[in-house]
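Asker: Below are the sequence and a predicted model for it; my questions follow.
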Amino acid sequence: MFLLTGIFLVTLCSYDLFDYLQTNEFISEFPGDWDKPIGIFVGLFLILRSLKFVNESKGLFIKFAKNHLVYRTRQSDSVRKISFSDIEDIREKDEKIIVVTKDLIDRIIVDFKNVRVKDDLRKSIKKALNELD
């Protein structure tokens with residue numbers, strides 16, 4: 001949504017600014033009409049902001065290996081492993097999935113408030129982790 005809005009704003013405001021400058025023979029007086037340059041900057045901001053959301057959604061990674069639960073919840077984090085034999089309990093609390101290991105360490109596997117994923121992927125992750133428990 002941000003990406004499309006940003007592209008629309010940049011295109012529309014750039015065209016309006018080009019048309020305005022062309023009709024005035026590329027002569028402009030500042031301070032003047034600032035809505036077109038501001039619209040271009042807002043559009044560029046929205047495009048850059050949307051790229052962050054795309055990277056966050058690509059960062060979620062959970063899979064079941066032979067004897068391990070392998071996961072990464074952000075692209076910048078490293079891949080982590082938990083052995084199935086070390087898992088004591090799996091809980092869900094406030095949109096977080098928490099794995100309790102035998103040494104009583106709580107590890108947050110997924111925090112759905114901070115990671116953007118589609119609802120069907122969210123449901124499949126919850127279902128798979130609940131079946132593991």
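Answerer: Received, thanks. Numbers count the residues shown, from 1 in each chain.
Asker: Pass me the low-pLDDT residue ranges in the chain, would you?
Answerer: When residues are selected by pLDDT under 70, those of the chain lie in 26, 28-32, 53-61, 74-76, 132-133.
Asker: In terms of secondary structure, what does the longest helix along it contact?
Answerer: Counting residues, the longest helix found in the chain (DSSP state H) is helix 35-59. Using 3 or more C-beta pairs under 8 Å, 6 or more residues apart in numbering; DSSP states H and E as the contact criterion, the secondary-structure elements in contact with helix 35-59 are helix 2-23. From N, CA and C alone the C-beta is placed, and that goes for glycine too.
Asker: What residues of the helix it packs on count as buried?
Answerer: Neighbour-count burial for helix 2-23, counted by 16 or more other C-beta atoms under 10 Å, picks out Phe2, Gly6, Leu9, Val10, Cys13, Leu17.
Asker: about what we covered before: got the angle for the longest helix of the chain vs helix 2-23?
Answerer: Inter-element angle recorded for helix 35-59 and helix 2-23: 160 degrees (by axes from the mean of the first three to the mean of the last three C-alpha atoms, to 10 degrees).
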